[in-house]
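Asks: this one's structure only:
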């Protein structure tokens, strides 16, 4: 008795440990958010959009620059002057009244050091293109944020759907293994009946064929599971610590209370793909302003203060310069180039505006189909539950009647196959229902929020 109790406790602990090791759908979604390459790409795009937005504002802020340098130069005019002085000195070398030493000290050296330093400042007074560019980058940032969120939403759905498909295959594999064990027990039973003259060799061979068929299906499903795990790990960009998935999400989703009362406008406000499209439309609207601004003048205030000479950085020297003023530019005529760009920008805007209307209609159709699909999936679960119950009772009845010789081996195997089919149909129906719930959440723009709450 004590040994049995120890074994029971050990088995319970082992079962709990195995359950704890199973990977939940929340684990998988969190892993995808961290490692998925497409999400990482969208994050980098978002970072770029943020940098571009910051850079756009800098175009209208004052700009200050400093420059300086020291350069040694050989002057052609200085070389010519030195050569001329040498000839002049030779001609008057014997004239007592001319101080040749003093004259030679003032002669220009062909090698000179030039020092320069300058400070410049500029400020945009009016530039419509720069103002519009700020709007473009702001809209681009909004589009990038929604693209990132939409990529996360789509990845969550794809990962979840693959997770559920693997669960379905794993449960079907369990059903096949269980069915194989039942068939092996039946084979032992038939072989015993054959010894007693109550079964034929054909019954034995038919049962062995059923066992072989089940084994082939087990191998096929096992291979498919491995392939699907590979696809899942590719999406996650990371291997799973344990290749065993937690089934709890199926029951949780089946128990979720789904409210089908919705407002299309509210749904669109929550849809990241729709908001991304709207932000891009705003961007194209701002781009029209940029193109039209080429017809407008630009004004900029500028100023500078600097020095250039051979006496070091001596700002008290006469060789300093300064300036300030306003510079303007106006494109009066460009042979229609601006007009063509404006027209192109407007056409791009109209294309995307039409796509937004198309997406709006598509979302409305998706939601309607989701409601119908959800009702169909729920009815299918209820139907297959009844079908499974009927087939379980039928198999038990056939098994007992077979022992009495009231039904044939073929009828018993058929009842067994019907039971296996009903089990697989039920798990398929539950998985289909679960996917439908997740699709409803995604189409409402709520799937990421659902996972953020923790499941």
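Replies: On my side now, so go ahead. The shown structure was predicted, so the numbers you read here are calculated from the model rather than taken from an experiment. Residues are numbered from 1 along each chain as shown.

Asks: per-residue confidence averaged over the helix or strand hosting residue 340?
Replies: Under the criterion of DSSP states H and E, residue 340 resides in helix 337-403. Mean pLDDT, helix 337-403: 95.

Asks: please begin residue numbering at 29 from this point
Replies: Happy to do that; since the first residue is 29 now, the last one works out to helix 365-431.

Asks: other SSEs contacting it?
Replies: Packed against helix 365-431 by the contact rule (3 or more CB pairs under 8 Å, 6 or more residues apart in numbering; DSSP states H and E) you find helix 292-298, helix 300-320, helix 437-471. Any C-beta I mention is one placed from the backbone N, CA and C, and that applies to glycine too.

Asks: how far off centre is it?
Replies: Per CA atoms, centre = their mean, to the nearest Å, the displacement of helix 365-431 from the mean C-alpha position of its chain is 23 Å.

Asks: tilt between that helix and helix 300-320?
Replies: 170 degrees (axes from the mean of the first three to the mean of the last three CA atoms, to 10 degrees).

Asks: okay, the angle between helix 365-431 and helix 437-471?
Replies: 150 degrees.

Asks: the stretch 179-328 of the chain: strands as residue ranges?
Replies: Listed in chain order, the strands of the stretch 179-328 of the chain (DSSP state E, counting those that start in this stretch) span 326-337.

Asks: and the helices and strands packed on helix 365-431 as TSV, adding mean pLDDT and mean neighbour count?
Replies: Below are those laid out as TSV (pLDDT from 0 to 100; neighbours: other CB atoms under 10 Å):
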stretch	mean pLDDT	mean neighbour count
helix 292-298	96	14
helix 300-320	94	20
helix 437-471	95	20
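
Asks: reformat those helices as TSV; add distance to residue 169.
Replies: Listed next are the helices and strands packed on helix 365-431 as TSV, based on distance: least, CB to CB, whole Å:
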stretch	distance to residue 169
helix 292-298	19
helix 300-320	8
helix 437-471	24
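
Asks: tell me, what residue is most central in this protein?
Replies: In the chain, the centroid-proximal residue (CA atoms, centre = their mean) is residue 67; its distance is 2.4 Å.

Asks: the helix or strand in which it is found: which residues count as buried?
Replies: Assigned by DSSP H and E, residue 67 belongs to helix 65-86. Residues of helix 65-86 classed as buried: 67, 70, 73, 74, 77, 80, 81, 84 (neighbour count, 16 or more other CB atoms under 10 Å).

Asks: surely the last one touches residue 161?
Replies: What that stands for is residue 84. Yes. Counting by CB atoms under 8 Å, residue 84 does reach residue 161; the two are 5.1 Å apart.

Asks: follow-up on the earlier one: could you give the angle of the helix or strand that the helix holding residue 67 is followed by to strand 326-337?
Replies: With elements assigned by DSSP H and E, the helix or strand that comes after helix 65-86 is strand 91-102. Orientation check (the same axes, to 10 degrees): strand 91-102 against strand 326-337 gives 30 degrees.

Asks: now do strand 91-102: which elements does it pack against?
Replies: strand 139-154.

Asks: tell me the secondary structure for the nearest residue to residue 429 once chain neighbours are set aside?
Replies: Nearest-residue entry for residue 429: residue 435, 4.8 Å, with adjacent residues in sequence omitted and distances by CB to CB, 6 or more residues apart in numbering. Classification of residue 435 by DSSP: H, G, I helix; E, B strand; the rest coil places it in coil.

Asks: touching, residue 435 and residue 426? I think so.
Replies: Yes. At 5.6 Å, residue 435 and residue 426 qualify as touching, with contact defined as CB under 8 Å.

Asks: who has more neighbours, those two?
Replies: In this view residue 435 and residue 426 are compared by other CB atoms under 10 Å, and residue 426 has more residues nearby, 21 against 17.

Asks: next one: the closest residue to that one other than its chain neighbours from residue 215, what distance?
Replies: Nearest non-adjacent residue to residue 426, counting by CB to CB, 6+ apart: residue 443, 4.1 Å away. In this view, residue 443 and residue 215 are 16 Å apart by CB to CB, to the nearest Å.

Asks: residue 232 now?
Replies: From residue 232 to residue 215 the distance is 7 Å (CB to CB).

Asks: same question, residue 230
Replies: Distance of residue 230 to residue 215, computed by CB to CB: 13 Å.

Asks: one step back: enumerate every residue touching the residue nearest to the centre of the chain.
Replies: Residues counted as contacts of residue 67 (CB atoms under 8 Å, 6 or more residues apart in numbering) are 60, 61, 176, 179, 180, 183.

Asks: quick one: which of those residues is nearest to residue 245?
Replies: For the contacts of residue 67, the residue nearest residue 245 by CB to CB is residue 60; the value is 30.9 Å.

Asks: my read: the closest one touches residue 263, true?
Replies: Yes. Residue 60 is within contact range of residue 263, at 6.3 Å (criterion: CB under 8 Å).

Asks: okay, and the common contacts of the two?
Replies: With CB under 8 Å, 6+ apart as the test, residue 60 and residue 263 both reach 183, 187.

Asks: what about those two, which has more around it?
Replies: Taking other CB under 10 Å, residue 60 and residue 263 do not tie; residue 60 has more neighbours (24 against 19).

Asks: which ones are touching that one?
Replies: 67, 183, 184, 187, 263, 264.

Asks: tell me how far stretch 219-235 lies from the chain's centre.
Replies: 61 Å.

Asks: same check on stretch 231-249?
Replies: Counting by CA atoms, centre = their mean, stretch 231-249 comes out at 45 Å from the chain centroid.
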